[in-house]
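J.: Sequence and predicted structure, then a few things I'm wondering about:
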Amino acid sequence: MKPQKPWPLKAYKNLEFLTSSDARSIRILAEFEEPLSRFRQLGIKDTIVFFGSSRILPRPKALRRIKELELQLKASGHSASSKKRLLEEASVDLEMSRYYEEAVELSRLLTEWSLSLTGDHRFVVCSGGGPGIMEAANKGARLAGGPTIGMNISVPFEQVPNDFIPRMYSFEFHYFFMRKFWFVYLGKALVVFPGGFGTMDELFEVLTLLQTGKIKKKMTVVIYGKEYWDKVINFNALVKFHTIRPRDLRLFRFADSPAEAFEYLKSQLTKNYLGSSPNKITL
């Protein structure tokens, strides 16, 4: 008796096909449908999204690095100018670490307020899932005893989800645009801490969608750390050169302390979503 030939794989079980370029549209759809299913299960209808640099360190870690560097330089043959440069670089990391600590505090305040509201899972803190400001946002929410979401992205240097995201609330994306879709679709407010290319990309995409009316709902945007942002982006120059309108500057507001950002976000979210006729989203 001849051995029976194995049946061909069903298409949806064929990993070779599913990971091929021919199945790209299926993978894109999966990054919409799988998060949608999980958000429904979790009862998540709205989020407060934190953006910011993955390179910003917690203050204790930044302090420890300076002390370790000082010890290394004492025993090394570095020139005086080289030692000065290295210490200055470490000092910048220490100075920037305040944003990590302030992101933790702001996230904690927002989550405590969220937990005091009637109904579950309102205004859940959400981050990009990695280190730096993303970790700080998730940490603050966990310190307050609330849920918190991490939307990680697979990149060549293997960013891994930080330790403060509960497993069920941790998402992994391949496509940046699908990840950004979920940031915006669920987001009712956005807090943008100092960051680099990725943070600026996320900020300006949201501002563009608000400016052009593609985002119909009310979305509060707070840009945190005016001193930093004034140095890296001259928003007033955009108005001066007529590349944006003066009213476009009203699409966001600066804040420089957790208390200031919290009070503004709380007031806007209350006005926009907790009134008698709040904007709604259906998942």
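T.: Thanks, I have it.
J.: now for the longest helix seen in the chain, which elements pack on it?
T.: Of all the segments of type helix in the chain, defined by DSSP state H, the longest one is helix 80-116. Helix 80-116 makes packing contacts with strand 47-51, helix 59-74, strand 124-127, helix 133-143, strand 220-224, helix 258-273 when contacts are defined by 3 or more CB pairs under 8 Å, 6 or more residues apart in numbering; DSSP states H and E. Just so you know, the C-beta spots here come from the backbone N, C-alpha and C atoms, and that holds for glycine as well.
J.: rerun that using 7 Å as the cut-off
T.: strand 47-51, helix 59-74, strand 124-127, helix 133-143, helix 258-273 (3 or more CB pairs under 7 Å, 6 or more residues apart in numbering; DSSP states H and E).
J.: Starting from the third one, tell me which strands it pairs with and how they run.
T.: Using DSSP bridges, strand 124-127 pairs in its sheet with strand 47-51 (parallel), strand 148-153 (parallel).
J.: what's in contact with the last one?
T.: Applying CB atoms under 7 Å, 6 or more residues apart in numbering, the contact partners of strand 148-153 are 47, 124-130, 138, 141-142, 159, 161-162, 164-165, 169-173, 176, 179, 182-183.
J.: I'd like the next helix or strand past that strand.
T.: Once the chain leaves strand 148-153, the next helix or strand it forms, by DSSP states H and E, is strand 170-173.
J.: Show me what that next one is in contact with.
T.: Contacts of strand 170-173 (CB under 7 Å, 6+ apart): Glu31, Pro35, Gly129, Gly150, Met151, Asn152, Ile153, Ser154, Pro161, Arg179.
J.: any idea which of those has the most stuff around it?
T.: Gly129 (28 neighbours; other CB atoms under 10 Å).
J.: my read is Leu190 is in a helix, agree?
T.: No. Counting by DSSP: H, G, I helix; E, B strand; the rest coil, Leu190 is not found in a helix; it is strand.
J.: you'd agree it is up against Thr47?
T.: No. The criterion here is CB atoms under 7 Å, and Leu190 misses it with Thr47 at 9.5 Å.
J.: Tell me where the stretch 51-200 of the chain is predicted with low confidence.
T.: 119-121, 158 (pLDDT under 70).
J.: JSON lines please, covering the contacts of strand 170-173 and showing distance to Leu69.
T.: Output for the contacts of strand 170-173, formatted as JSON lines (distance: CB to CB, whole Å):
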{"residue": "Glu31", "distance to Leu69": "41"}
{"residue": "Pro35", "distance to Leu69": "41"}
{"residue": "Gly129", "distance to Leu69": "29"}
{"residue": "Gly150", "distance to Leu69": "31"}
{"residue": "Met151", "distance to Leu69": "34"}
{"residue": "Asn152", "distance to Leu69": "30"}
{"residue": "Ile153", "distance to Leu69": "31"}
{"residue": "Ser154", "distance to Leu69": "32"}
{"residue": "Pro161", "distance to Leu69": "29"}
{"residue": "Arg179", "distance to Leu69": "35"}
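J.: Would you check which pair of those residues lies furthest apart?
T.: Greatest spacing in these, by CB to CB: Glu31 and Pro161 (16.0 Å).
J.: got the buried residues for stretch 163-172?
T.: Buried positions in stretch 163-172, judged by neighbour count with 16 or more other CB atoms under 10 Å: Phe164, Ile165, Tyr169, Ser170, Phe171, Glu172.
J.: Quick check, the first one in contact with Asn138.
T.: Put plainly, it is Phe164. Yes. Counting by CB under 7 Å, Asn138 is a contact partner of Phe164 at 3.8 Å.
J.: Could you count how many residues lie near His242?
T.: His242, neighbours per other CB under 10 Å, totals 8.
J.: Sorry, wrong one. I was asking about Pro8.
T.: Neighbour tally, Pro8, other CB under 10 Å: 8.
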